[in-house]
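Q: Any chance you can model this:
(chains A and B)
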Amino acid sequence: MAAARAVAALGRRLEGALRLSGARPGLVAAGLPGLMQNLCHRILAQAEPLCHARFLHTTLPQKGLEEFFDDPKNWGEKTVKSGDAWNIKQLRAKSSQDLHKLWYVLLKEKNMLLTLEQESKRQQKPMPSPERLEKVQKSMKNIDLVVREREIALRLLQTGHEKPVPGEWRNDFLGRTYWYSYKEWPIPWYLNKKYQKRKFYYLPHVNRFIRLRLEKYLRLRNRRQNLEKKKRKLLEKKFPHLAVKSQSQ
Amino acid sequence: MRLSALLSLAARPKLPKGYRHGTWRPGTAAERLRNPPGQRRKKIFVEPISREDWKVFRGDTVQVLFGKDSGKQGMVTQVVRARNWVVVEGLNTHYRYVNRDAKYSSTYIASEAPLLLNQISLVDPEDRKPTEVDWRYTEEGERVRVSLRTGRIIPLPLRQRRDGIVPEQWIDGPKDTSVDDALDKTYTPSLKTFEEEIMDAMGIVETRRAKKSYWY
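A: Numbering: from 1, shown residues only, chains lettered A, B, ... in the order given. The predicted structure is shown next:
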């Protein structure tokens, strides 16, 4: 049944561009301020027909800003059909280049959907198919997870460490022990005044408070354990067969 | 695997302590109306059944053993695991009025009351008689429900998607990837990091040297 589901035709979020090799030409230039001002007027004017007439614009396609908007066929629709989000299992089988390209495709789609969401808020109308945004966000999160997993695996192999940043257990001035992760500084520690002000040790008068803290922790832990025992006893009273099962185990 | 599992555990929204589950899904307007944030209700004791031991799923055919409609069989429409509840379609019903308006005097409908797991029994698919069921493993290693009386396997009901899409009938849109492309395996494990592989593919050569930095 799982195999049938995998093979069955579920759509995914990916444009045809992924199947072609090579980067996309002519993305929007970083924008001279004059151009952007001119274009802003056009965008606001053209954004009106979200729910009614189609509008042919002539300057926007040159500048690449049509990618912030959906296919003109979908303008004015109440719902837009969309496929499933990318699964982690499917993404694990993809090469780094594929994941890299997919990330940017998803990013552009997310920008388009966010523009759509903002515009529908402005026009006080419901956004058509908001689940598309969730699917895109989920896919992007999955890609990030896959890349991180691969990075961790490689690091474990090469160094034996799981965390990207080294660290150690340190005491603070209140006597608590915590995991301090190292930070990157431009100057060594003996020249760093900000770092020297931090205290990673505690004075002897703090010992009393450490003991009090320990007692508090033990008291809370015992209360929690007693509560669990009481709950289990009450459950066994209400459902006697649980007591029999726990005894036999 | 570990990272994704860890993060998925942390992502679940937390329900308040002493929350009493009803037949409504948390997050809906009906649930928010009936379980407002400050509400405290008497505790209901529910027999703890672990996730692996759970046998009844939505879409299963079950027979009701106790109550008004005992002896009848029906399909499960809703399962509330927190209270060991199962709602069977059309059985164990009571009647109520809904959709009352200033102008419209309401509709009289039958609404099903939930049944506990011990008032329900799974039904053998060929016999159509109630049986005890257990989880067993087939020779292939698949975990299946087996009826203890006859030994037949009770197949799991078809899981319908919540958005109503039927995968077999799906036609790809312009922005959708085809199944072959999605399942195509392009990953070759290598000892290069993600960034290094991308730099190699795009022909980026990093000639800058990082300034000396200190880690402490």
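
Q: need the contact list for B:N84.
A: B:V46, B:E47, B:I49, B:L116, B:L117 (C-beta atoms under 8 Å, 6 or more residues apart in numbering or on different chains). Bear in mind the C-beta positions are built from the backbone N, C-alpha and C, glycine included.

Q: Just these: which are in strands?
A: Assigned to strands by DSSP state E, the following of the contacts of B:N84 qualify: B:L116.

Q: Name the pair among the contacts of B:N84 with the greatest separation in space.
A: For the contacts of B:N84, the maximum inter-member distance is 11.1 Å, found between B:I49 and B:L116 (C-beta to C-beta).

Q: which residues in chain B form helices?
A: Remark: helices of chain B, listed N- to C-terminal, are B:2-10, B:29-34, B:179-183, B:194-202; assignment by DSSP state H.

Q: quick one: average confidence on the shortest one?
A: When the per-residue pLDDT values of helix B:179-183 are averaged, the result is 92.

Q: mind listing what's buried in that helix?
A: Within helix B:179-183, the residues that qualify as buried by neighbour count (16 or more other C-beta atoms under 10 Å in any protein chain shown) are B:V179, B:A182.

Q: Same check on stretch B:70-78?
A: By 16+ other C-beta under 10 Å, the buried positions in stretch B:70-78 come out as B:Q73, B:G74, B:V76.

Q: Okay, and the residue nearest the centre of chain A sits in which element?
A: Centroid-nearest residue in chain A, with C-alpha atoms, centre = their mean: A:K141, separated by 4.4 Å. Counting by DSSP states H and E, the element that carries A:K141 is helix A:131-158.

Q: who touches stretch A:193-204?
A: Among residues not part of stretch A:193-204, those counted as contacts by C-beta under 8 Å, 6+ apart are A:R170, A:N171, A:D172, A:F173, A:L174, A:G175, A:Y180, A:W185, A:W189, A:Y190, B:Y216.

Q: Now do the top helix by length along chain A, average pLDDT.
A: In chain A, assigned by DSSP H, the helix with the most residues is helix A:207-238. Regarding helix A:207-238, the rounded mean pLDDT is 96.

Q: Report all helices and strands that that helix contacts.
A: For helix A:207-238, the helices and strands in contact under the criterion 3 or more C-beta pairs under 8 Å, 6 or more residues apart in numbering or on different chains; DSSP states H and E are helix A:240-248.

Q: now the angle from the helix it packs on to helix A:207-238?
A: For helix A:240-248 and helix A:207-238, the angle between their directions (axes from the mean of the first three to the mean of the last three C-alpha atoms, to 10 degrees) works out to 120 degrees.

Q: just for chain B, where's the confidence low?
A: Segments of chain B classed as low confidence (criterion: pLDDT under 70) are B:1-2, B:6, B:8-12.

Q: 90 instead?
A: Where chain B drops to pLDDT under 90, the residues are B:1-15, B:17-18, B:26-27, B:98-106, B:125-127, B:158-168, B:173.

Q: Next, the contact list for A:N87, please.
A: For A:N87, the residues meeting the contact criterion (C-beta under 8 Å, 6+ apart) are A:N142.

Q: Can you tell me how far it is from A:N142?
A: Separation of A:N87 from A:N142 (C-beta to C-beta, to the nearest Å) stands at 7 Å.

Q: Now render the contacts of stretch A:193-204 as CSV, adding distance to A:V136.
A: CSV is the format used below for these (distance: C-beta to C-beta, whole Å):
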residue, distance to A:V136
A:R170, 41
A:N171, 45
A:D172, 42
A:F173, 46
A:L174, 45
A:G175, 47
A:Y180, 37
A:W185, 38
A:W189, 44
A:Y190, 49
B:Y216, 40
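
Q: Do any residues in the helix holding A:K141 lie close to chain B?
A: Yes - applying C-beta under 8 Å from any C-beta of the partner chain, one finds that helix A:131-158 is in contact with chain B at A:E131, A:N142, A:L145, A:V147, A:R148, A:E149, A:R150, A:E151, A:I152, A:L154, A:L157, A:Q158.

Q: between these, which has the most around it?
A: For those, neighbours were counted by other C-beta atoms under 10 Å in any protein chain shown; the highest total belongs to A:N142, with 21 neighbours.

Q: For the helix holding A:K141, which helices and strands make contact with it?
A: In this structure, helix A:131-158 packs against helix A:88-92, helix A:96-122, helix B:2-10, helix B:194-202, with contacts taken as 3+ C-beta pairs under 8 Å, 6+ apart.
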